[in-house]
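A.B. asks: got a sequence here, can you build the structure:
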Amino acid sequence: MPETIKLDTARELAVAGSIRDTVLLGQRGGFLIIFRMGMSERVLATKYGVPRLFSGLDAAAKVLREISITRFQVDASDLVKDDSTRRRRPDRAAALKQTYRDAALVLSRHINDAQ
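C.D. replies: Now for the predicted structure:
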């Protein structure tokens, strides 16, 4: 795997014209953004330095537009859509269920008070 690059650095290189090619590389669960500069390649990373995986082309293209890259290649030959890589948030699911319960309780009290 190529070295990683953070978004701010990629933006600076794009503005300077140092990025000669950009590829959205499909793999299990989504797309990586690969920047080609000179003889090297760099993968866009999260703020923690791990490769950033985009769930779809639209999300990746939006980030590229934000750093003034409007042309890129798509290599989907190894793309495997996999729902198991989707980030699960059981804490948020529980909070949402509690919100619905609370709303139902408030609504039932409101209906009872109106009668």
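A.B. asks: for Gln98, helix, strand, or coil?
C.D. replies: helix (DSSP: H, G, I helix; E, B strand; the rest coil).
A.B. asks: got the contact list for it?
C.D. replies: Counting by CB atoms under 8 Å, 6 or more residues apart in numbering, Gln98 makes contact with nothing. Bear in mind the C-beta positions are built from the backbone N, C-alpha and C, glycine included.
A.B. asks: distance of it relative to Asp91?
C.D. replies: 11 Å (CB to CB, to the nearest Å).
A.B. asks: again, but for Leu107
C.D. replies: For Leu107 relative to Asp91 (CB to CB), the value is 25 Å.
A.B. asks: for Gly26, same thing?
C.D. replies: 30 Å.
A.B. asks: the more surrounded of these two?
C.D. replies: Neighbour count, other CB atoms under 10 Å: between Gly26 and Asp91, Gly26 has more, with 19 against 8.
A.B. asks: for Asp113, what are its contacts?
C.D. replies: Asp113 touches nothing, counting by CB under 8 Å, 6+ apart.
A.B. asks: hang on, it is in a strand, isn't it?
C.D. replies: No: under three-state DSSP, Asp113 sits outside any strand and is assigned helix.
A.B. asks: so where do the strands sit in this structure?
C.D. replies: 3-5, 21-27, 30-37, 40-44, 73-75 (DSSP state E).
A.B. asks: please identify which of these is closest to Asn112.
C.D. replies: With CB to CB as the criterion, Asn112 lies closest to strand 30-37 of these, at 48.7 Å.
A.B. asks: so the closest one versus strand 21-27, what angle?
C.D. replies: Between strand 30-37 and strand 21-27, the angle comes out at 150 degrees (axes from the mean of the first three to the mean of the last three CA atoms, to 10 degrees).
A.B. asks: need the contact partners of strand 30-37.
C.D. replies: 2, 5, 10, 13, 18-25, 41-44, 51-57, 60, 63-64, 72, 74, 79, 85.
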